[in-house]
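J.: what shape does this take:
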Amino acid sequence: MHDRLMTPEIKALLISIGSVSIDPSLVPRARGSTAGPGAGISSVFFRSGERRVRLSIREDSPLSIEKSGDESGGESMVSLFFEGKELARGRLEPALAHCPEQAFITLCERCIFDCKYCPVPKLQGHVKSEEDVLKIVDEVFKAGQLKAISLTSGVEETVEGEVDRVLGLLPALKKYGVPIGVSVYPTEGCSRKFYEAGASEVKYNVETMDSEIFQKVCGGLFLDEILERLKEAVDIFGKNRVFSNFIIGLGETDDAVREGIETLAKMGVIPVLRPVSPHPLRAGDCFAERPSPERLLKLAKMEAEILKKYGLKPELAETMCPRCTGCDLVPSDL
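T.: Just a heads-up that it's a prediction; the model follows:
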């Protein structure tokens, strides 16, 4: 393989931009994202060496992907350019269900809550039946790519209803014999139920650890309650099996991020530092600015140090975002 591999600095730049232009004929077959802030945007996964990045497809992006003419192990290679300069070579990974090697499924593409950075409440999409879900999992399984199943959901009517929706599905998913991750808004006692029903890992999202910003952007939710549920989850699933998305770019300071990472890590929770994706449907609803490459690198290094201090290892993740790593600069990228 060509030695022009993606470095941590290059991945930080790519994530800070977040998009790429590409000839549609090069894009492996995939579904559009229906999860959270990335909802409704089609994307591509670029892998170079051990690093992977997910970029939404936009014609006006300063990044572009083109066929390189190289081959590696029978696979066609592509080059990634920034304003005409080649940055890295690698390959495009198929993502049959949201991300490579997983059936990562959004059960309910609607939400009664109105987090100000998230387009899902505005899109009010599809609610999948058990039949829909099993069909997607089968598709990934038959393609020989199923290494994990991950379930996430908005909230159609009640948070309890979404917990029950997941619990109703888990028995039918266990037969695939792969780890199952669950990411929903948590209720008291739900971690025990998920664990007993066959889930391997859970992710309950704090969204931001700055309580003032949380109140402004997630007014209908309760940060203290989510933290309590995360503590419960660590008691049940153990260290390195409980995660939480922590959005970067909502106006929080680096000191607030450090304090937030420390609080979560001390509990045994691994934060997923997720750069905000400003969405046209939420323009002007709240401060949302994609973090710079320099900030992404600084915060990833900060997180790596704190996780090491508490003996947490995100690279052991078996499901969901910490397994994929495409959207985030993570400690293993450094």
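J.: for the rest of this, base every contact and every neighbour count on C-alpha atoms.
T.: Fine.
J.: nearest residue to residue 12 in space, please, no chain neighbours.
T.: Spatial nearest neighbour of residue 12, chain neighbours left out: residue 293 (4.7 Å); criterion: Cα to Cα, 6 or more residues apart in numbering.
J.: same deal with residue 268?
T.: Once flanking residues are discounted, residue 268 sits nearest to residue 239: 5.4 Å by Cα to Cα, 6+ apart.
J.: helix/strand/coil for that neighbour?
T.: Three-state assignment for residue 239 (DSSP: H, G, I helix; E, B strand; the rest coil): coil.
J.: quick one: contacts for it?
T.: Counting by Cα atoms under 8 Å, 6 or more residues apart in numbering, residue 239 touches 268-269, 312.
J.: surely residue 200 is in contact with residue 181?
T.: Yes. Residue 200 lies in contact with residue 181 (Cα atoms under 8 Å); the separation is 5.8 Å.
J.: neighbour count for those two, which is higher?
T.: Neighbour count, other Cα atoms under 10 Å: between residue 200 and residue 181, residue 181 has more, with 25 against 22.
J.: let me see the contact set for the more buried one.
T.: Applying Cα under 8 Å, 6+ apart to residue 181 gives the contacts 148-151, 199-203, 318-320.
J.: one more time with 6 Å
T.: Going by Cα atoms under 6 Å, 6 or more residues apart in numbering, residue 181 touches 150, 199-202, 319.
J.: same question for the strand or helix carrying it, mean pLDDT?
T.: Taking DSSP states H and E as the definition, one finds residue 181 inside strand 180-183. Strand 180-183 carries an average pLDDT of 98.
J.: packing partners of the strand or helix carrying residue 67?
T.: Assessed by DSSP H and E, residue 67 sits inside strand 63-72. Here strand 63-72 touches strand 19-22, strand 75-82, going by 3 or more Cα pairs under 6 Å, 6 or more residues apart in numbering; DSSP states H and E.
J.: quick one, which of those gets closest to residue 282.
T.: Of all the helices and strands packed on strand 63-72, it is strand 19-22 that lies closest to residue 282, at 17.9 Å by Cα to Cα.
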